[in-house]
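Engineer: Coordinates only, no sequence provided:
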């Protein structure tokens, strides 16, 4: 495990400029990254990773897609879809295509994509160019949330550095609204086509008809950075670490009530207690962990103590890596209040297009807030019934993700639900929230 956030004081030195030389398993993506410092320049990037290889193209995407397929790489943006399958679907179109690098990171608890773009933008740009060459695209658009985002300056500078490099792929940066749903792939396409950054009904999916009506590859920025490394070192190198069914490394954001929170590059399959220890906490300190972000699930500390961090392991237990987020809350913290805080945020972040999302999530958030505040008129049964009524009925997966989080809270904090209903709120119900949202939301108040 290697750390990449401001809390981590030591990072590896720049290695010799030998891209295929054997070295320690980690870091990979964060090799040479400077904590809290400027991004790697193009010269420094080439010194760390060597030049971008020129791979043989082909009718089905050629050498790169074969390498990515053999590597077993899956998307790191939340869906965990096989990366080679997305590349192949666009490459097979036989039409003029385009690549969109998704660095939106609308998940408030996540910092991994922003850190990667701010520390190693050229690795992401290498991946975008390689993917574009593989699918026959002449343009790659890098999408990043606007506002006070250091990644914007890093990527802008990196694109400027590469203008004299003779790339056949044109690189373009587009700032998108800092909204939770704006990073959904159909929302990105809608924005780039001149509309608002709101999800649209699918099909057609972007790989069928996307930006400008062209087949479009939408790929998370961390996934593209892995592609850049696979192209240099090969699929066997990529698979040399990680779990058998989940090879390689991944960036994760580990936050909450920890002494050393931050962004870490992990070998997939690492035990969750080991990761927490690396971030300055012991599993026994916590009542529960939020795993996968705000579309993820709560996991009790007892269950997390035996869990490994990779998609197959988590999926077998009913969880998912999602956006690569773990938030730890300590013993004594009110999980119901934390969940109500997030539910109000998710209701507010609705795209406003579908009734089940607009009205359903608002009603669910209000009921969850009342339950957290110990209001005797709140009924958990209503939350369950309303969740079933909105699940699967939106134009996007926003309501599905929200009620997945809610269902896990009612399960993991079941004893607290009973206490709040019959005895009033716990002592911590009105404490300041640990889970972040932007902008902040006022805390729940008792209405008994």
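Structural biologist: Received, thanks. The model shown is predicted, which means the values in this text are computed figures rather than measured ones.
Engineer: mind listing what residue 42 touches?
Structural biologist: For residue 42, the contacting residues are 122, 158, 161-162, 165, by C-beta atoms under 8 Å, 6 or more residues apart in numbering. Backbone N, C-alpha and C define where each C-beta goes, glycine included.
Engineer: Once you drop chain neighbours, what's closest to residue 294?
Structural biologist: Closest residue to residue 294 apart from its sequence neighbours, by C-beta to C-beta, 6 or more residues apart in numbering: residue 342 at 5.4 Å.
Engineer: How is the protein divided into domains?
Structural biologist: If you go by automatic domain parsing, the domain ranges for the chain are 29-240, 247-330, 335-423.
Engineer: Can you give me the end-to-end span of the shortest one?
Structural biologist: From its first residue to its last, domain 247-330 covers 31 Å (C-alpha to C-alpha, to the nearest Å).
Engineer: So what's the gap between it and the chain middle?
Structural biologist: Counting by C-alpha atoms, centre = their mean, to the nearest Å, domain 247-330 is centred 13 Å from the centre of its parent chain.
Engineer: pLDDT averaged over it, what's the number?
Structural biologist: In this model, domain 247-330 has a mean pLDDT of 96.
Engineer: Would you double-check that residue 327 falls in a strand?
Structural biologist: Yes - applying DSSP: H, G, I helix; E, B strand; the rest coil, one finds residue 327 inside a strand.
Engineer: Make 661 the starting number, not 1.
Structural biologist: That works, and once the first residue is 661, the last one we named lands at residue 987.
Engineer: tell me the contacts of it?
Structural biologist: 769, 915-916, 949-950, 1094-1095.
Engineer: circling back: neighbour-wise, which of the contacts of residue 702 leads?
Structural biologist: Among those, residue 782 has the most neighbours (other C-beta atoms under 10 Å), with 26 neighbours.
Engineer: ok, and the closest non-adjacent residue to that one?
Structural biologist: That would be residue 705: by C-beta to C-beta, 6+ apart, it lies 3.9 Å from residue 782.
Engineer: how many neighbours does the residue nearest to residue 954 have?
Structural biologist: Applying other C-beta under 10 Å, we find 26 residues neighbouring residue 1002.
Engineer: residues contacting it?
Structural biologist: The neighbourhood of residue 1002, defined by C-beta under 8 Å, 6+ apart, consists of 954, 1065, 1095, 1097.
Engineer: If any of those are buried, give me the PyMOL selection for them.
Structural biologist: Per 16 or more other C-beta atoms under 10 Å, the buried members of those correspond to this PyMOL selection:
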select buried, resi 954+1065+1095+1097
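Engineer: Please tabulate the contacts of residue 1002 in a markdown table, including the columns secondary structure and distance to residue 898.
Structural biologist: Shown next, in a markdown table, are the contacts of residue 1002 (DSSP: H, G, I helix; E, B strand; the rest coil; distance: C-beta to C-beta, whole Å):
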| residue | secondary structure | distance to residue 898 |
| --- | --- | --- |
| 954 | coil | 29 |
| 1065 | helix | 32 |
| 1095 | coil | 33 |
| 1097 | coil | 35 |
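Engineer: hmm, which two among the contacts of residue 1002 are most spread apart?
Structural biologist: Using C-beta to C-beta, the two most remote members of these are 1065 and 1097, lying 12.9 Å apart.
Engineer: sorry, back to before: closest one to residue 1089 among the domains of the chain?
Structural biologist: Nearest to residue 1089 among the domains of the chain is domain 995-1083 (4.8 Å), distances taken as C-beta to C-beta.
Engineer: That closest one: end-to-end distance?
Structural biologist: 16 Å.
Engineer: for the residue nearest to residue 954, helix, strand, or coil?
Structural biologist: Following three-state DSSP, residue 1002 is assigned to helix.
Engineer: Now residue 876: closest residue in space, sequence neighbours ignored.
Structural biologist: Setting aside the residues directly before and after it, residue 876 is nearest to residue 870 in space (C-beta to C-beta, 6+ apart), at 2.6 Å.
Engineer: Would you check that that neighbour makes contact with residue 758?
Structural biologist: Yes - assessed by C-beta atoms under 8 Å, residue 870 is found in contact with residue 758 at 6.8 Å.
Engineer: which residues do those two both contact?
Structural biologist: What both residue 870 and residue 758 touch, as defined by C-beta under 8 Å, 6+ apart, is the set residue 876.
Engineer: tally of neighbours for residue 1082?
Structural biologist: By other C-beta under 10 Å, the residues close to residue 1082 number 9.
Engineer: meant to ask about residue 919
Structural biologist: If we define neighbours as other C-beta under 10 Å, then residue 919 has 9 of them.
Engineer: What sits closest to it if chain neighbours are left out?
Structural biologist: That would be residue 940: by C-beta to C-beta, 6+ apart, it lies 2.9 Å from residue 919.
Engineer: does that neighbour belong to a helix or a strand, and which?
Structural biologist: Of the helices and strands defined by DSSP states H and E, none includes residue 940.
Engineer: So what does it have for phi and psi?
Structural biologist: Backbone torsions for residue 940, taken as degrees, to the nearest 10, come to phi 90, psi 30.
Engineer: In contact with it, which residues?
Structural biologist: By C-beta under 8 Å, 6+ apart, the neighbours of residue 940 are 667, 918-921.
Engineer: Check residue 853 too.
Structural biologist: By C-beta under 8 Å, 6+ apart, residue 853 lies in contact with 871-872.
Engineer: do that again at 10 Å, thanks
Structural biologist: Counting by C-beta atoms under 10 Å, 6 or more residues apart in numbering, residue 853 touches 860, 870-873.
Engineer: Mind picking the two most distant members of the residues you listed?
Structural biologist: Largest separation among the contacts of residue 853 by C-beta to C-beta: 860 and 872, giving 14.8 Å.
Engineer: Of the two, which one has the most company?
Structural biologist: For residue 860 versus residue 872, neighbours defined as other C-beta under 10 Å are more numerous around residue 860 (18 against 13).
Engineer: Do you know the pLDDT at that one?
Structural biologist: We have a pLDDT of 88 for residue 860.
Engineer: ok so, going back, now tabulate the contacts of residue 987 in a markdown table and tack on secondary structure.
Structural biologist: Output for the contacts of residue 987, formatted as a markdown table (three-state DSSP):
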| residue | secondary structure |
| --- | --- |
| 769 | coil |
| 915 | strand |
| 916 | strand |
| 949 | strand |
| 950 | strand |
| 1094 | coil |
| 1095 | coil |
